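J.: Need a 3D model of the following:
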Amino acid sequence: MTSITGIILAISLFIIMAGMGLSLAIADFKRIVKYPKAVIVGLSSQLILLPVIAFLICYFLALPPVIAIGIMLIASCPGGATSNMISYLAKGDLALSVSLTAIASLLSFITIPFIMNIGFHYFLEESQAMSLDFMSTLKQLFVIIIIPVLIGMFINKKFPEFAFRVEKPVKKASMVLFILVVVGVTYSNRNEFIEYFGEAGLPSILLNIFTMLAGYLLAIIFKLPKNQAVTISIESGIQNGTLAITIATLILQKPEYTIVPLTYGLLMFFTAAVIIAFRKRAKESDLIT
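T.: From the prediction side, this is the model:
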């Protein structure tokens, strides 16, 4: 990966995370007290069930190390603003979606090195062995996740009208930058991408479907309303591909680990479209709750 692509990727992630912060307020974090069951169930699905399912898929499919680590990587990066948009379109609980995204994103700078080190330990051969220094990685993730979110939240609190005006343009800009990054990373690693794309597809779609089903079923088991169950399902299956690509390229210095995040990022929109279409049809039939 060229230095230019790396710079664009870093800027893209910063804008995306700051844009998410523009739509957040302290109240979004207080919902864990107001609606503890829904938030706890959602976070359990995102931060516990998701990586466990990812691990089992890697283990039972005996995936090549580059694919296994990619699966663990995408599983460690909770959904960003995209999951909020999909939850809104699917008639889920938007407030819950925003809260889960906010809390999981802030916790991810702790959970990511933990989950990734498990992946390195179990799925890399001895000659490929590597690990993330916990404290060093925490500092790096703090810079690329927490700081831009806090900046966005600060702007939202101090200059709410300005934040409201720039929120949509910022999201559009981040999407354009992300597309440039995807194209750049894919081209830079085109040989590896062609070689492993076929192997990345099956575990990626299995991870997406199984985690969305697991999130939905967990919410139903705990007797949450259907709109909250849909939201938890979406938050469990829609992952932050930009963050995963950034970690692979800038922190791990292993661009080949972007193959799964790139593949997953494409496939997750198809399952999201199915959920949105189903919920829309259910609403038209007066079956939605």
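J.: Tell me where the model's unsure across the stretch 151-289 of the chain.
T.: Applying pLDDT under 70 to the stretch 151-289 of the chain picks out residues 174-175, 178, 181-182, 185, 188-189, 192, 283-289.
J.: could you pull out the helices for it?
T.: 160-188, 190-221, 226-237, 241-246, 259-284 (DSSP state H, counting those that start in this stretch).
J.: Redo these as TSV? Include mean neighbour count and distance to Ser108.
T.: C-beta coordinates here come from the backbone N, C-alpha and C atoms, glycine included. Shown next, in TSV, are those (neighbours: other C-beta atoms under 10 Å; distance: least, C-beta to C-beta, whole Å):
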stretch	mean neighbour count	distance to Ser108
helix 160-188	16	18
helix 190-221	18	15
helix 226-237	27	13
helix 241-246	26	8
helix 259-284	18	14
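J.: nearest to Ile110, of the ones you listed?
T.: Among the helices of the stretch 151-289 of the chain, the nearest to Ile110 by C-beta to C-beta is helix 241-246 (14.0 Å).
J.: That closest one - contacts with which helices or strands?
T.: Secondary-structure packing of helix 241-246 (3 or more C-beta pairs under 8 Å, 6 or more residues apart in numbering; DSSP states H and E): helix 3-22, helix 65-75, helix 160-188, helix 259-284.
J.: State the mean pLDDT of stretch 65-84.
T.: In this model, stretch 65-84 carries a mean pLDDT of 87.
J.: Would you mind measuring the gap between the ends of that stretch?
T.: End-to-end distance for stretch 65-84, by C-alpha to C-alpha, to the nearest Å: 32 Å.
J.: Which positions in it come out as buried?
T.: For stretch 65-84, the neighbour count (16 or more other C-beta atoms under 10 Å) marks 65-84 as buried.
J.: Please point out which parts of the helix or strand Ile147 falls within sit buried.
T.: For Ile147, the host element (DSSP states H and E) is helix 147-158. By neighbour count on 16+ other C-beta under 10 Å, the buried set for helix 147-158 is Pro148, Val149, Leu150, Gly152, Met153, Ile155, Asn156.
J.: Could you list the residues in contact with it?
T.: 13-15, 17-26, 102, 105-106, 162-163 (C-beta atoms under 8 Å, 6 or more residues apart in numbering).
J.: Drop anything exposed from the residues you listed.
T.: 13-15, 17-24, 102, 105-106, 163.
J.: Apart from its chain neighbours, what residue comes closest to Ser108?
T.: Closest residue to Ser108 apart from its sequence neighbours, by C-beta to C-beta, 6 or more residues apart in numbering: Pro78 at 5.5 Å.
J.: which residues touch the one you found?
T.: Counting by C-beta under 8 Å, 6+ apart, Pro78 makes contact with Gln46, Leu47, Leu100, Thr101, Ala104, Ser105, Ser108, Glu235, Gln239, Asn240.
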